[in-house]
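Asks: with the sequence up front, the predicted model follows.
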Amino acid sequence: MSVTMYNLTVPVFSRGLTVLSTLLTKAEAHAAETGVSVESLVSARLVEDMLPLSGQIQRVSDTAKNTVGRLMTIAAPSFPDTEATFAELKARVEKTLAFLQTITAQDLEGSDTRDISVKFGKLELTLSGSDYVLKFAIPNFFFHVTTAYDILRAQGVPVGKADYLGAYS
């Protein structure tokens, strides 16, 4: 099997989002078992100048759907960043997964050579589709998945490496 733009994006993002949903389920159970407030977990940060857990999950969602949208030159669905509960965060993850499930390999054919322009803070980039996915989108996606994991771990949620890696079936 050759590696296609579809293989590099939709299954990778879907897997990461599924892992994130599982982490949220564990965090919700931890809050219920320990009496830790959901609000404190959802608003927890690693350090003051980083986004809270909710912001990390919003960026994971945005990166997945906007990457595919840019590659296809379509407007990806837009979700307001208003989630304040585990149920709302998990619903956002599910909506993102549902969008990804509508994408086919044919939808992404030829996107490897398409110019993709993005603004990231003051940085403006124009990369080929394949460079955009490999050098920006995937690293950005996993930065936020990892940071969400780290926030939960720092807050005492009992998650480990196997939870981060997820199931392989």
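Replies: Received, thanks.

Asks: show the backbone phi and psi for Thr102.
Replies: phi -80, psi -10 (degrees, to the nearest 10).

Asks: mind checking pLDDT for it?
Replies: Model confidence at Thr102, given as pLDDT, is 97.

Asks: mind checking how far it is from Asn66?
Replies: 15 Å (Cβ to Cβ, to the nearest Å). Quick note: C-beta positions are derived from backbone N, CA and C, even for glycine.

Asks: same drill for those two, tell me which one is more crowded.
Replies: Neighbour totals were compared for Thr102 and Asn66, and Asn66 leads with 17 against 10 (other Cβ atoms under 10 Å).

Asks: can you tell me the number of residues neighbouring the nearest residue to Arg114 once chain neighbours are set aside?
Replies: Of all residues not flanking Arg114 in the chain, Gly129 sits nearest, at 4.6 Å (Cβ to Cβ, 6 or more residues apart in numbering). Neighbour count of Gly129, defined by other Cβ under 10 Å: 23.

Asks: got the contact list for Gly129?
Replies: Met5, Leu71, Ser111, Asp112, Thr113, Arg114, Asp115, Ile116 (Cβ atoms under 8 Å, 6 or more residues apart in numbering).

Asks: now render those as a markdown table, adding neighbour count, distance to Ser43 and secondary structure.
Replies: Output for the contacts of Gly129, formatted as a markdown table (neighbours: other Cβ atoms under 10 Å; distance: Cβ to Cβ, whole Å; DSSP: H, G, I helix; E, B strand; the rest coil):
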| residue | neighbour count | distance to Ser43 | secondary structure |
| --- | --- | --- | --- |
| Met5 | 24 | 36 | helix |
| Leu71 | 25 | 33 | helix |
| Ser111 | 22 | 37 | coil |
| Asp112 | 18 | 39 | coil |
| Thr113 | 10 | 42 | coil |
| Arg114 | 17 | 38 | coil |
| Asp115 | 10 | 38 | strand |
| Ile116 | 20 | 33 | strand |
